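[1] I would like the atomic coordinates for the input below:
(one chain, ligands or ions: 1)
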Amino acid sequence: MSHDPRGDRYWKEQAESFSSLYGGRRRLSPKAFVTRFLDARGSLLELLADAPDQVRVLDLGCGSGVHLAQLAPRCRRLVGADYSERMLRLAHGASRGAAGLVLSDAHALPLRDASFDLVVSLGLLDYVRSPPDVLRECRRVLAPGGRLVLSAPKTPSAFAWLRSRLGNRIKQAVFDLPPIVNVFDRAGLLQLLRETGFVPTDVASVWTTMWMVRATRQEATTRGGGWA
Ligand SMILES: C[S@@+](CC[C@H](N)C(=O)[O-])C[C@H]1O[C@@H](n2cnc3c(N)ncnc32)[C@H](O)[C@@H]1O
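    Reported below is the predicted structural model:
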């Protein structure tokens, strides 16, 4: 799977187009289909994030800030990170000043070690150059006992045809979305999480096309091995 720079341009230049997929669509428009999918994902986040009050939360790849707004009422500290300035401008409006916003690439975050209790990352792993590096950054910024709630494109999927060359053209024309770069089967995703220092605890799928996973930061268990 190679990294696709078309995605980079899309997020940095067409943030408003992605943001318009959330909420308020007419029932029968093609984009209403994506809106319903995103709503289903947001409901699952509500279950998995299950954050007690006063936690420190990072939304990595926060985009236009829909989930920052969702999480804000129960956080002591809330930070959104994204490499798209336009997205962060939208996120500023959506979170109404409740979140600190950091312009940053997810592969190298300018955030302190062990400074969050929960990292949420929805729709990011799909597009990044190196999923393992991004997950290692998630682990680095999590405090001991911290949790990760992550989405990732699923294979097999009833919607896999949308990832073919023709499917990508259709996706771009109808939904104005860039091609997905990384997809995972269940075993591959769980193995990646373990290799990057997480213990997966819950795995669900949304519409057969996306994994939603909750994982806990793995602590060192063995002498000379495991995680520091
Ligand atoms: C599908 S959107 C998801 C946005 C938001 N999490 C949501 O669920 O609405 C993907 C987001 O990831 C951001 N992104 C993609 N690659 C990134 C990277 N390497 N570093 C930081 N942000 C990245 C994009 O700018 C975009 O905001």
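[2] Up against the ligand, what does the chain have?
    Within reach of the ligand by CB under 6 Å from any ligand atom, the chain has these residues: 11, 18, 61-63, 66-67, 82-84, 87, 105-107, 122-124, 127-128. (Each C-beta comes from the backbone N, C-alpha and C, glycine too.)
[3] Run a quick neighbour tally on residue 195.
    11 (other CB atoms under 10 Å).
[4] buried stuff in the biggest strand by length in the chain?
    In terms of residue count, the longest strand belonging to the chain (DSSP state E) is strand 142-153. The neighbour-count check on strand 142-153 (16 or more other CB atoms under 10 Å) flags 142, 146-153 as buried.
[5] Specify the next element, helix or strand, located C-terminal of that strand.
    helix 165-170 (DSSP states H and E).
[6] hang on, the earlier thing: cross the residues of the chain next to the ligand against strands and list the overlap.
    Per DSSP E, the residues of the chain next to the ligand map to strands at residue 82.
[7] Quick check on the residues of the chain next to the ligand: which are buried?
    11, 18, 61-63, 66-67, 82-84, 87, 105-106, 122-124, 127-128.
[8] just the helices in the protein please.
    5-13, 15-19, 30-49, 66-71, 85-95, 131-141, 165-170, 186-195 (DSSP state H).
[9] for those, which one sits closest to residue 217?
    helix 131-141 (5.8 Å; CB to CB).
[10] For that closest one, buried residues please.
    Neighbour-count burial for helix 131-141 [16+ other CB under 10 Å]: 131, 134-135, 137-139, 141.
[11] Out of those, which is nearest to residue 157?
    For the buried residues of helix 131-141, the nearest to residue 157 is residue 131 (17.5 Å; CB to CB).
[12] surely that closest one meets residue 121?
    No. With contacts counted by CB atoms under 8 Å, residue 131 stays clear of residue 121, the gap being 10.5 Å.
[13] returning to that earlier point: hey, which of the helices of the chain is tucked in deepest?
    Neighbour counts (mean count of other CB atoms under 10 Å) averaged over each of the helices of the chain peak at helix 66-71, with a mean of 23.
[14] Distance-wise, check residue 83 relative to residue 7.
    Residue 83 is 11 Å from residue 7, where distance means CB to CB, to the nearest Å.
[15] Could you do residue 161 as well?
    Counting by CB to CB, the gap from residue 161 to residue 7 is 19 Å.
[16] now do residue 121
    16 Å.
[17] what do you get for residue 180?
    8 Å.
[18] list residues touching both of the two?
    Common neighbours of residue 180 and residue 7 (criterion: CB atoms under 8 Å, 6 or more residues apart in numbering): residue 127.
[19] for the residue in the chain positioned nearest to the ligand, what are its contacts?
    Of all residues in the chain, residue 63 sits closest to the ligand, at 2.4 Å by CB to the nearest ligand atom. Residues in contact with residue 63, defined by CB under 8 Å, 6+ apart, are 11, 15, 18-19, 82, 84, 87, 90-91, 123.
[20] repeat that with 6 Å
    residue 87 (CB atoms under 6 Å, 6 or more residues apart in numbering).
[21] Going forward, count from 46.
    Fine by me, first position is 46 from now on; the one you just mentioned is residue 108.
[22] Now it: phi and psi?
    For residue 108, the backbone dihedrals are phi 60, psi -140 (criterion: degrees, to the nearest 10).
[23] roughly how far apart are it and residue 239?
    Taken as CB to CB, the span from residue 108 to residue 239 is 27 Å.
[24] what about residue 143, how many neighbours?
    15.
[25] can you pull the contacts of it?
    117, 123.
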